[in-house]
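S.K.: Output the structure for:
(one chain, ligands or ions: 1)
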Amino acid sequence: MSRPIYDRVALIGLGLIASSMFWAMKRGGLAAEVTGYARSAQTRDTARRIGLCDRVCDSVVEAVQDADLVVLCVPVGAMGQVAQDIAPVLKPGATVTDVGSVKRAVIEAVAPHLPENVEFIPGHPLAGTEHSGPESGFAELYDNRFCLLVPTEGSDPEAVLRLRRLWEGMGANVEEMDADHHDLVLAVTSHAPHLIAYTMVGVADDLRRVTDSEVIKYSAAGFRDFTRIAASDPTMWRDVFLNNKDATLEILGRFTEELFALQRAIRTGDGDHLFDYFTHTRAIRRGIIEAGQDTDAPDFGRGAKAP
Ligand code: NAP
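M.R.: Alright, predicted model coming up:
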């Protein structure tokens, strides 16, 4: 077996993203020892019960002691506090990274706390599910998914390369991106769509002319996929919107304009506009499938047994 990439990795926060990292690192033999810390005793107990991490620590300071790589896997709004707590005990030469869904706000919250003798290389794996918590992770989550690294000015190229190799070892395709561009891209591809899904499900909930049981029973036609996205973790998504305000508002502004244009086309009977628009969106879907980022199977591969 090849040598591990890091001797000791500390995972701070033990939810979907951290637990998937742990199983993927184990699968690839990428770390000699993985320590873990979560805020609540309940999560730490669950982690111990299911064998998540080689050692689960009762304090964040203990978890990062001697770690060569520290991965912040907590909600975006909690990153700054965690950075402040761990800063005094970080090993000189260690790398600190994060997996937060927003980059500029995380850099601003974390970087000021870190000592000069550690490398801070923000990151974001573009993979997830609507499930959260220590039991939701699985080794394959990052397979063939993108992980974006956002090296800061002056990042040591060796440290960036090492982190890249870790993510590649966990199955991801790694690319580098500037923080502001990352936040704009993600506002388009993830943040605004989540907000729209939340809204759509909220609207259905408000429509008293359609009963709740009808919404659930007949949800195959599109609505079901909105409900899956809208089941995502409320803490995580609250923090995403509060910390990627500008880019999300910019995209929502554009969204509203397009929606008005479609609304107008429906009212005026402008079928050409609708047809051209839907032809264009279909091509985007084809592009995603060709890039291997989703399945072309009917009903997203749910199969005939799906309700
Ligand atoms: P999760 O399953 O909800 O787990 C979050 C973990 O953070 C839990 O262990 C929780 O501890 C801990 N935590 C929460 N608040 C904390 C605080 N104030 N201080 C210290 N620890 C705290 O979340 P996740 O889905 O793994 O997401 C983690 C990060 O990954 C977020 O920054 C998110 O933006 C990013 N991300 C998520 C996805 C996704 O699809 N889920 C995808 C890419 C990136 P307790 O269990 O003890 O409360």
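
S.K.: If you drop the residues flanking it in sequence, what lies closest to Phe241?
M.R.: In space, not counting the residues next to it along the chain, Phe241 is nearest to Thr248; the distance is 5.9 Å by CB to CB, 6 or more residues apart in numbering. Yep, even glycine has a C-beta here, placed from its N, CA and C like the rest.

S.K.: so who does that neighbour touch?
M.R.: The contact partners of Thr248, taken as CB atoms under 8 Å, 6 or more residues apart in numbering, are Ala187, His191, Ala192, Leu195, Phe241.

S.K.: Mind putting those into CSV with pLDDT, distance to Thr97 and neighbour count?
M.R.: Output for the contacts of Thr248, formatted as CSV (pLDDT from 0 to 100; distance: CB to CB, whole Å; neighbours: other CB atoms under 10 Å):
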residue, pLDDT, distance to Thr97, neighbour count
Ala187, 96, 22, 25
His191, 95, 21, 24
Ala192, 94, 26, 21
Leu195, 94, 27, 20
Phe241, 96, 23, 18
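
S.K.: The host helix or strand of the residue nearest to Phe241 close to the ligand?
M.R.: Assigned by DSSP states H and E, Thr248 falls within helix 245-268. No: where contact is defined by CB under 6 Å from any ligand atom, no part of helix 245-268 touches the ligand; the two come within 13.6 Å at best.

S.K.: what comes up buried for that helix?
M.R.: Neighbour counts using 16 or more other CB atoms under 10 Å place Ala247, Thr248, Ile251, Leu252, Ala265 of helix 245-268 among the buried residues.

S.K.: thinking again about what came up before, any idea how far the residue nearest to Phe241 lies from the ligand?
M.R.: Summarising the geometry, the distance separating Thr248 from the ligand, computed by CB to the nearest ligand atom, to the nearest Å, is 14 Å.

S.K.: same check, this time on Thr129
M.R.: Between Thr129 and the ligand the distance, using CB to the nearest ligand atom, works out to 6 Å.
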